[in-house]
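Participant: take this sequence and fold it.
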Amino acid sequence: MEYKRLGRTGERIPAMGLGTWQLNVNPEEEVRALRYGIDNGAFVDTAEMYGSEELVGEAIRGRKVFVATKVSPHHFRHDDVIRSCEASLKRLGVKQIGLYQLHWPNKRVPISETMSAMEKLVDDGKIRHIGVSNFSVDEFREAQGSMKRYDIVSNQVEYSPMVREVEDDGVLEFCRKNKVTLIAYSPFGHGEMFRERYGGLVELLDGVGKGHGKSAVQVALNWLISKEPVVTIPKASTVGHVKELLDSMGWSLDKKETGVIDGTRDFSKKSIQKRLGFLLKNTGAWARLATKHYSKKNANGGRVRS
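Facilitator: Residues are numbered from 1 along each chain as shown. A predicted model of the protein is given here:
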């Protein structure tokens, strides 16, 4: 496993984590997959909104692992943040969360109120580090500016060979200059990379990977991880898939190969933030509905057995 420094801290985290959105389709296999990834050095990223924290808790039981989770924007009031964190701790079965993140901005709640609660959670030992997700440069600066004692160590945003907006809107460069870890989610464009319309991109990635004996998936992940300060969190629901993901590390693309992938702008698509950001960032109501949806769905998904 490769490791990268988390923000300005002295802590190093794996360059790859395992995403857990839309898990609980086959809980027993998913737990096996997560455990395989953890045992081979990966960290795990989840969120209260996903309804997968209990499944993650089952997977990490008895294992030493860096765990990241997120508080939903409809819980950004001070006391709600505290309660959400305590509920996540219980579902995960841990005493401390490694990285606690704001899932999306919510402009109906003063960011100073939210960050005050996040700092209290660090003071109380319930979380180790504070992060954000889907924040623009200006939103990040506002959040950091309201902090009194701690740095925001990460920003989790959509980034893939298909979704390149962080290269254009200043987020990647801001993170690089300010030593903020960029956690790249949906590294395959929510799975769209494997649809027919992106066949040319997959063919290109396969071509780059041929000399390394690697797949398009592995090339895409290696390309992301080669960038500073990027780590990535692909979702994997089977042990076989996790093995493929982990094999994206331990080798390097050369400058020419990296340049070929950098030049694939013809395949770019808009991120969810670009398409729905105005709605998602200006209310927490949608997050409340999403949380109920996934909780109900997962409640009917079967019980995990260890």
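Participant: for the stretch 201-306 of the chain, what spans make up the strands?
Facilitator: For the stretch 201-306 of the chain, strands defined by DSSP state E, counting those that start in this stretch occupy the ranges 230-232.
Participant: pull the contacting residues for residue 41.
Facilitator: Contacts for residue 41 (Cβ atoms under 8 Å, 6 or more residues apart in numbering) come out as 1, 14, 246. C-beta here means a position set from N, CA and C on the backbone, and glycine is covered the same way.
Participant: surely the second one meets residue 40?
Facilitator: Which is residue 14. No. The pair residue 14 / residue 40 is not scored as a contact, 9.4 Å apart, by Cβ atoms under 8 Å.
Participant: so what's residue 158 closest to, chain neighbours aside?
Facilitator: residue 271 (4.2 Å; Cβ to Cβ, 6 or more residues apart in numbering).
Participant: could you tell me how many residues sit around the residue nearest to residue 52 when sequence neighbours are not counted?
Facilitator: Among residues not flanking residue 52 along the chain, residue 20 sits closest, at 4.3 Å (Cβ to Cβ, 6+ apart). By other Cβ atoms under 10 Å, the residues close to residue 20 number 25.
Participant: right, and residue 20 touches residue 49 too?
Facilitator: No. The pair residue 20 / residue 49 is not scored as a contact, 10.9 Å apart, by Cβ under 8 Å.
Participant: per-residue confidence at residue 306?
Facilitator: Residue 306 carries a pLDDT value of 34.
Participant: for residue 170, what are its contacts?
Facilitator: Counted by Cβ under 8 Å, 6+ apart, residue 170 has contacts residue 137.
Participant: let's see it at 10 Å
Facilitator: Shown in contact with residue 170 (Cβ atoms under 10 Å, 6 or more residues apart in numbering): 136, 137, 138, 177.
Participant: with adjacent residues omitted, what lies nearest to residue 280?
Facilitator: Nearest to residue 280 is residue 104, by Cβ to Cβ, 6+ apart, at 5.3 Å.
Participant: against residue 51, how distant is the one you found?
Facilitator: 17 Å (Cβ to Cβ, to the nearest Å).
Participant: got the phi and psi for residue 70?
Facilitator: Dihedral pair for residue 70: phi -140, psi 150, per degrees, to the nearest 10.
Participant: and the pLDDT at the residue of the chain most remote from its centre?
Facilitator: In terms of distance from the mean C-alpha position of the chain, residue 211 ranks first, at 29.5 Å (Cα atoms, centre = their mean). We have a pLDDT of 94 for residue 211.
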